[in-house]
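# Sequence below, structure please.
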Amino acid sequence: MQTEDEILLKKLRWRCRRGMRELDQLFGRYLDRRWLDAPAAEREVFLQLLDTEDDKLWRWSMGYEVCPDASQAALISYIRSLPV
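Next up, the predicted model:
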């Protein structure tokens, strides 16, 4: 039987599928390496990012634009810094 965390992680993994390989890899890496240990505030910021349109996420994640929200920008920077 799956725990609540495992079920939530599966749902989030589905939401992270953006149809853009770069975003899929970045968000999947975050889920694999950080989500379970992330503080509640960071998790909330990540969920906000998942509610953002793909084109904005892509521009922010690739460094073509700066995210206007400081907490989201910090998390994007952290996600980008995760080793492959």
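
# quick one, phi psi at residue 69?
When read as degrees, to the nearest 10, the backbone of residue 69 gives phi -90, psi 120.

# now the host helix or strand of residue 5: how far from the chain's centre is it?
Using DSSP states H and E, residue 5 maps to helix 4-15. Here the centre of helix 4-15 is set off from its chain's centre by 13 Å, with C-alpha atoms, centre = their mean, to the nearest Å.

# what sits up against that helix?
Helix 4-15 has contacts (C-beta atoms under 8 Å, 6 or more residues apart in numbering) with 2, 28, 31, 35, 36, 50. C-betas here are computed from N, CA, C, even on glycine.

# 7 Å instead, please
The contact list for helix 4-15, computed with C-beta atoms under 7 Å, 6 or more residues apart in numbering, reads 28, 31, 35, 36, 50.

# Specify the angle between the very next helix or strand once past it and helix 4-15 in degrees.
Following helix 4-15 in sequence order, the next helix or strand is helix 21-33 (DSSP H and E). Counting by axes from the mean of the first three to the mean of the last three C-alpha atoms, to 10 degrees, helix 21-33 points 170 degrees away from the direction of helix 4-15.

# elements contacting helix 21-33?
Helices and strands touching helix 21-33, by 3 or more C-beta pairs under 7 Å, 6 or more residues apart in numbering; DSSP states H and E, are helix 4-15, helix 54-62, helix 70-81.

# residue ranges with poor pLDDT in this protein?
By pLDDT under 70, the chain contains no weakly predicted segment.

# Take the helix holding residue 5, keep the C-alpha atoms, and write them as CSV.
Output of helix 4-15 as CSV, limited to C-alpha atoms (Å, rounded to 0.1, in the frame of the first residue of the first chain):
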residue,chain,number,x,y,z
GLU,A,4,0.2,9.7,1.2
ASP,A,5,3.7,11.0,0.3
GLU,A,6,4.1,8.4,-2.5
ILE,A,7,0.6,9.2,-3.9
LEU,A,8,1.3,12.9,-3.8
LEU,A,9,4.6,12.5,-5.5
LYS,A,10,3.0,10.5,-8.3
LYS,A,11,0.4,13.2,-8.8
LEU,A,12,3.1,15.9,-8.8
ARG,A,13,5.2,13.9,-11.3
TRP,A,14,2.2,13.9,-13.6
ARG,A,15,1.8,17.7,-13.2
